[in-house]
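[1] let's see this in three dimensions:
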Amino acid sequence: MQYGGLECCGCRLKGDFSSEVYWTRSKMLGHLQEHTYVGHTVPIHAVLRIIEERNRLGDDLEPDLSMLNKRE
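    All right, here's what the predicted structure looks like:
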């Protein structure tokens with residue numbers, strides 16, 4: 001299990017519908033663009049929020065290491 005990052009949960013671009021985690025906002029935006037290229041619907045509010053966060057917080061995402069000491 002991973003903590004942090006931006007996740008494309010059950011990604012339709014992957015043959016097995018597994019999840020994909022991205023550690024930069026730009027990579028996630030690129031991934032969402034791939035979805036639009038193949039005709040998938042991507043909510044514009046999700047794209048706009050990632051762009052806004054990238055402008056305000058920067059591109060890189062840090063993993064949430066606080067969860068490592070907690071039991072699942």
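[2] outside of the helix or strand where residue 53 lies, which residues touch it?
    Residue 53 belongs to helix 44-57 when elements are defined using DSSP states H and E. Helix 44-57 is touched from outside by 6, 25, 26, 28, 29, 32, with contacts defined as CB atoms under 8 Å, 6 or more residues apart in numbering. No exception for glycine: its C-beta is placed from N, CA and C like everyone else's.
[3] contacts only, for the spatially closest residue to the first one that is not a sequence neighbour.
    Counting by CB to CB, 6 or more residues apart in numbering, residue 6 lies nearest to residue 28, which is 4.2 Å off, once chain neighbours are set aside. Neighbour list for residue 28: 6, 8, 22, 50 [criterion: CB under 8 Å, 6+ apart].
[4] export those residues to a markdown table and tack on pLDDT, secondary structure and neighbour count?
    Compiled in a markdown table, the contacts of residue 28 are given as follows (pLDDT from 0 to 100; DSSP: H, G, I helix; E, B strand; the rest coil; neighbours: other CB atoms under 10 Å):
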| residue | pLDDT | secondary structure | neighbour count |
| --- | --- | --- | --- |
| 6 | 93 | strand | 19 |
| 8 | 94 | strand | 18 |
| 22 | 94 | strand | 18 |
| 50 | 97 | helix | 17 |
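[5] residue 43: which of the residues you listed is nearest?
    Lowest distance from residue 43 to these (CB to CB) belongs to residue 50, with 10.9 Å.
[6] state the distance from the closest one to residue 44.
    Between residue 50 and residue 44 the distance, using CB to CB, to the nearest Å, works out to 11 Å.
[7] what does residue 38 give?
    Between residue 38 and residue 44 the computed distance is 17 Å (CB to CB).
[8] element containing the nearest residue to residue 40 once chain neighbours are set aside?
    Nearest residue to residue 40 in three dimensions, chain neighbours excluded: residue 12, at 6.0 Å (CB to CB, 6+ apart). Element membership of residue 12, judged by DSSP H and E, is empty: it is in no helix or strand.
[9] and residue 12, how far from residue 23?
    According to CB to CB, residue 12 stands 21 Å off from residue 23.
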